[in-house]
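> Below are the sequence and a predicted model for it; my questions follow.
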Amino acid sequence: MRNNRAVLTHGLVWLVLLAVLFLLNVREHPDRAAIMVLLYGALNIVIFYVHYFLINPLLIGAGRYWRAATYMAIVLVVSIAVKYGIALYYDDIILQYRDNDNQQQTLTPMRYSVAVLITGLFFMLLSTAVYVISSNFKTREDRKNLETEKLNAELAFLRSQINPHFLFNSLNNIYSLAYQKSDKTPEAILKLSAIMRYMLYESNEEYVLLEEEINYLENYIELQKLRFKEKVYVDLHVNIDEKGHRIMPLLLISFLENAFKHGVSTDPDKPIRIDISVQSGRLHFNAENAKNQVNKDQTKGVGLTNLRRRLQLGYPDRHTINVVESEHYYSSELFIYL
């Protein structure tokens with residue numbers, strides 16, 4: 001695609017330059033305008049691309065200056081010979097001119113050769129300038145692509161860390177239910193199955209629908225509730241201005257994990273509160289809960305560290321994250337411009 005675009009750009013530029021050259025000559029010299037455009041234009045274009053593809057890589061890329069200078073001399077000598085041959089064939093059109101006294105004059109071979117030499121050097125210099133600019137653009141684009149690939153690889157690695165981390169916690173929970181011979185065990189396995197299906201298949205995309213991510217969070221909450229004999233209170237409020245918003249997958253789960261890790265609530269007056277809203281393209285996620293020292297999970301995971309790095313990679317300068325923790329209270333808040 002990039003090569004096709006470059007060829008099209010070069011073709012259009014040459015077409016415009018040849019058209020301008022024709023228009024500049026057609027009024028004063030209608031008999032030689034076509035010759036200037038077709039013959040001399042084509043020869044100068046050949047000089048440009050011979051220098052572009054053959055000499056510039058030696059001159060700039062490989063540093064083989066003597067070889068490059070030899071090729072330049074050969075190209076200039078050949079171009080002078082060819083152009084002078086054309087001039088001799090069209091002697092009355094190209095070599096003949098009128099001086100200030102309107103007297104017919106003939107260009108000497110030396111004067112004509114110097115003029116052709118200067119023209120050839122101009123197109124070689126132009127070729128080098130275009131080559132340097134194109135090389136810089138290509139280098140910048142390749143570097144950008146490399147950085148993008150690196151970021152994608154790092155994001156994939158960070159995402160892969162979430163799955164075993166979550167799976168480890170969930171299997172522990174189901175093991176506890178099974179050990180207690182709880183009737184909740186089959187339901188917990190079904191919830192985990194739905195969650196894993198989302199994690200394995202849906203979350204492979206770079207972005208997913210926000211509705212799917214919220215459904216995943218709801219399944220996670222239900223799975224967590226099955227762990228406890230007592231009723232667990234979680235208030236989830238969702239307010240989205242319109243459908244179709246997309247978000248990086250598995251981004252919000254770390255907040256829920258930390259909310260449950262710092263203590264589930266069996267007090268209806270102090271539930272875990274989760275608010276998710278989207279207004280004018282800005283996502284606001286807030287999770288807060290009072291700490292429960294009895295049920296508090298003492299394990300430490302990679303959740304928030306992983307989350308911060310994913311946000312830096314996926315939403316640079318487009319997010320704000322705040323975590324407040326005290327002896328009796330835990331709150332996490334996230335703003336993202338989707």
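Sure, I can see it. Treat the numbers as computed from the prediction; the structure is a model and nothing was measured.

> What is the burial count for residue 234?
20 (other Cβ atoms under 10 Å). Any C-beta I mention is one placed from the backbone N, CA and C, and that applies to glycine too.

> Spit out the contact partners of the nearest residue to it once chain neighbours are set aside.
Distance criterion Cβ to Cβ, 6 or more residues apart in numbering; nearest residue to residue 234, sequence neighbours excluded, is residue 272 at 4.7 Å. Applying Cβ atoms under 8 Å, 6 or more residues apart in numbering to residue 272 gives the contacts 233, 234, 235, 259, 260, 264, 265, 287, 288, 289.

> What are the buried residues along stretch 44-62?
For stretch 44-62, burial by neighbour count (16 or more other Cβ atoms under 10 Å) applies to 44, 47, 48, 50, 51, 52, 55, 56, 58, 59.

> Which of those fall in strands?
When the buried residues of stretch 44-62 are checked against strands (DSSP state E), there are no matches.

> I'd like to know which elements the helix ranked longest in the chain is packed against.
Secondary structure of the chain per DSSP state H: the longest helix is helix 109-179. Helices and strands touching helix 109-179, as assessed by 3 or more Cβ pairs under 8 Å, 6 or more residues apart in numbering; DSSP states H and E, comprise helix 41-50, helix 56, helix 65-89, helix 185-200, helix 210-225, helix 253-261, helix 303-314.

> that older thread, with respect to residue 66, which of the contacts of residue 272 is nearest?
Nearest to residue 66 out of the contacts of residue 272 is residue 287 (Cβ to Cβ; 70.0 Å).

> separation between that closest one and residue 54?
In this view, residue 287 and residue 54 are 64 Å apart by Cβ to Cβ, to the nearest Å.

> wait, what's in contact with residue 17?
When contacts are counted by Cβ under 8 Å, 6+ apart, residue 17 is found next to residue 41.

> And the pLDDT for it?
pLDDT for residue 17: 75.

> Is it within a helix or a strand, and which one?
helix 2-26 (DSSP states H and E).

> export the helices and strands packed on helix 109-179 to TSV and tack on distance to residue 177 and mean pLDDT?
Below are those laid out as TSV (distance: least, Cβ to Cβ, whole Å; pLDDT from 0 to 100):
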stretch	distance to residue 177	mean pLDDT
helix 41-50	74	87
helix 56	71	88
helix 65-89	76	87
helix 185-200	5	82
helix 210-225	10	87
helix 253-261	15	79
helix 303-314	22	79
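
> Of the ones you listed, which stretch is the most buried?
When you average the neighbours per residue for each of those (mean count of other Cβ atoms under 10 Å), helix 253-261 leads with a mean of 22.

> Which one of the helices and strands packed on helix 109-179 lies nearest to residue 141?
helix 56 (18.7 Å).

> quick one: that closest one to chain centroid distance?
Counting by Cα atoms, centre = their mean, to the nearest Å, helix 56 is centred 30 Å from the centre of its parent chain.

> And stretch 60-79, by the same measure?
That offset, for stretch 60-79, works out to 38 Å (Cα atoms, centre = their mean).

> Just the CA trace of it, in CSV.
What follows is stretch 60-79, C-alpha atoms only, in CSV (Å, rounded to 0.1, in the frame of the first residue of the first chain):
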residue,chain,number,x,y,z
ILE,A,60,24.0,7.9,1.9
GLY,A,61,23.4,4.3,3.0
ALA,A,62,26.7,2.6,2.4
GLY,A,63,29.1,5.5,2.4
ARG,A,64,30.9,4.3,-0.8
TYR,A,65,31.7,7.8,-2.0
TRP,A,66,34.2,6.9,-4.7
ARG,A,67,31.9,4.4,-6.4
ALA,A,68,29.0,6.9,-6.1
ALA,A,69,31.1,9.6,-7.7
THR,A,70,32.2,7.3,-10.5
TYR,A,71,28.5,6.4,-11.3
MET,A,72,27.6,10.1,-11.1
ALA,A,73,30.3,11.0,-13.7
ILE,A,74,29.2,8.2,-16.0
VAL,A,75,25.5,9.2,-15.8
LEU,A,76,26.4,12.9,-16.5
VAL,A,77,28.7,12.0,-19.4
VAL,A,78,26.1,9.7,-21.0
SER,A,79,23.3,12.3,-20.5
